[in-house]
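S.K.: Okay, structure incoming, though there's no sequence with it:
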């Protein structure tokens with residue numbers, strides 16, 4: 001009896017399970033309805049930007065003068081501090097002047113002797129001039145005394161030149177600074193022998209209150225700039241076209257702007273580049289000769305420039321830049337682009353986009369061309385500082 005009751009209970013339980021299974025809706029086993037992916041888009045709008053080129057360069061002194069002796073002798077004094085500032089005309093070294101003082105005195109004595117002889121010969125020539133008229137002396141004697149007079153006058157002029165040369169050599173025993181600036185280390189000490197016009201300079205003076213920065217620029221880039229200006233893509237900015245900014249070795253901007261001085265007229269055949277020389281003020285002598293810098297040179301202005309965030313541009317298998325946009329029907333399309341350069345955290349696009357295009361900046365990994373998407377505005381993070389359009393060398 002108990003076994004029969006258990007069998008009936010099990011039968012009712014099984015029947016309940018079957019009824020429950022039959023009561024489920026048929027759609028329960030179907031996959032859930034897919035959602036439309038959401039992407040962030042940036043709307044393309046033209047902007048006015050200044051096109052610049054960033055080029056590496058080296059600092060050189062505005063003026064350089066090597067101090068060398070012009071007479072020979074023993075150095076008696078050194079009258080400057082190494083690494084200090086000197087002014088033009090300051091005495092830097094003194095060479096023993098004794099020999100040159102004696103030479104100067106001898107030259108003066110020779111001049112005095114020549115002048116005394118000239119006085120005597122001139123007096124005789126004047127007397128002979130009257131005597132030859134009276135036939136008291138021969139014509140030959142008169143011509144001889146006239147020649148002697150000219151010789152005596154020449155000896156006086158030679159004596160004056162000797163005195164001047166001796167005076168100049170005596171003055172050269174005091175070696176002076178030819179320019180104002182900062183002087184480097186001395187290559188000689190007191191007691192050393194100086195040789196006139198020796199190849200090794202005593203010291204070097206460099207003017208650093210303003211400096212040159214020399215940077216190479218490729219001839220191809222010059223042709224590209226001229227082509228863009230001729231086509232109207234670039235316009236010269238008359239107010240700033242000669243302005244130059246500088247970045248120091250650690251990447252910090254130099255606080256003072258420079259001026260483009262000139263460009264070399266010859267292209268180096270080995271590198272295909274020419275030299276641009278700029279002048280920068282250097283009142284605190286922050287810029288030192290030989291220092292590496294990067295110059296930011298303004299090329300011109302692009303009035304209608306298309307800039308898109310860098311994360312919106314990717315590369316296809318061939319390496320060509322591409323971007324995904326959302327069309328008016330809300331579907332994804334792929335565009336082939338031409339990219340010129342980076343402008344801060346954005347790309348300067350020269351072709352492939354039009355005004356009003358909605359470029360996908362976020363969410364491109366989960367979509368593909370032809371898909372329907374929901375777009376929301378892209379919120380760009382502000383840059384730390386405005387960046388000009390710069391193309392590295």
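M.R.: Thanks, I have the structure now. Bear in mind that the values here come from a model prediction, so they are computed numbers and not experimental data.

S.K.: Quick one: classify residue 151 as helix, strand or coil.
M.R.: At residue 151, secondary structure determined by DSSP: H, G, I helix; E, B strand; the rest coil is helix.

S.K.: got it, and the one 10 residues further on?
M.R.: Under the three-state scheme (three-state DSSP), residue 161 adopts helix.

S.K.: Touching, residue 42 and residue 309? I think so.
M.R.: Yes: Residue 42 is within contact range of residue 309, at 6.0 Å (criterion: CB atoms under 8 Å). Where you see a C-beta, it was placed from the backbone N, CA and C, and this is true even at glycine.

S.K.: neighbour count winner among these two?
M.R.: More crowded of residue 42 and residue 309, by other CB atoms under 10 Å: residue 42, with 22 against 19.

S.K.: which residues in the stretch 101-250 of the chain form strands?
M.R.: 174-176, 181-183, 193-194, 203-218, 243-247 (DSSP state E, counting those that start in this stretch).

S.K.: and the second one, what other elements does it pack with?
M.R.: Looking back up the chat, that one is strand 181-183. Contact here means 3 or more CB pairs under 8 Å, 6 or more residues apart in numbering; DSSP states H and E; on that basis strand 181-183 packs against strand 46-67, strand 85-86, strand 203-218.

S.K.: now do 7 Å
M.R.: Packed against strand 181-183, as judged by 3 or more CB pairs under 7 Å, 6 or more residues apart in numbering; DSSP states H and E, are the following elements: strand 85-86, strand 203-218.

S.K.: can I get those in a markdown table with mean neighbour count, mean pLDDT and distance to residue 35?
M.R.: As requested, the helices and strands packed on strand 181-183 are arranged in a markdown table below (neighbours: other CB atoms under 10 Å; pLDDT from 0 to 100; distance: least, CB to CB, whole Å):
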| stretch | mean neighbour count | mean pLDDT | distance to residue 35 |
| --- | --- | --- | --- |
| strand 85-86 | 19 | 94 | 75 |
| strand 203-218 | 20 | 92 | 52 |
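
S.K.: can you redo the ones you listed as JSON lines with distance to residue 268?
M.R.: Listed next are the helices and strands packed on strand 181-183 as JSON lines, based on distance: least, CB to CB, whole Å:
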{"stretch": "strand 85-86", "distance to residue 268": "36"}
{"stretch": "strand 203-218", "distance to residue 268": "8"}
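
S.K.: Okay, buried residues for the helix or strand hosting residue 323 please.
M.R.: Per DSSP states H and E, residue 323 falls inside strand 321-326. By neighbour count on 16 or more other CB atoms under 10 Å, the buried set for strand 321-326 is 321, 323-326.

S.K.: Please enumerate the helices of the stretch 51-200 of the chain.
M.R.: In the stretch 51-200 of the chain, the segments counted as helices under DSSP state H, counting those that start in this stretch are 98-133, 139-171.

S.K.: Is it possible to get JSON lines of those that adds mean pLDDT, mean neighbour count and distance to residue 356?
M.R.: Shown next, in JSON lines, are the helices of the stretch 51-200 of the chain (pLDDT from 0 to 100; neighbours: other CB atoms under 10 Å; distance: least, CB to CB, whole Å):
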{"stretch": "helix 98-133", "mean pLDDT": "91", "mean neighbour count": "15", "distance to residue 356": "86"}
{"stretch": "helix 139-171", "mean pLDDT": "92", "mean neighbour count": "15", "distance to residue 356": "80"}
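
S.K.: Quick one: residues contacting residue 210.
M.R.: 62, 279-282 (CB atoms under 7 Å, 6 or more residues apart in numbering).

S.K.: For these, which single residue is the most surrounded?
M.R.: residue 280 (22 neighbours).

S.K.: That one belongs to a helix?
M.R.: No: Residue 280 is assigned strand when assessed by three-state DSSP, not a helix.

S.K.: Tell me, how many residues neighbour residue 97?
M.R.: Neighbour count of residue 97, defined by other CB under 10 Å: 19.
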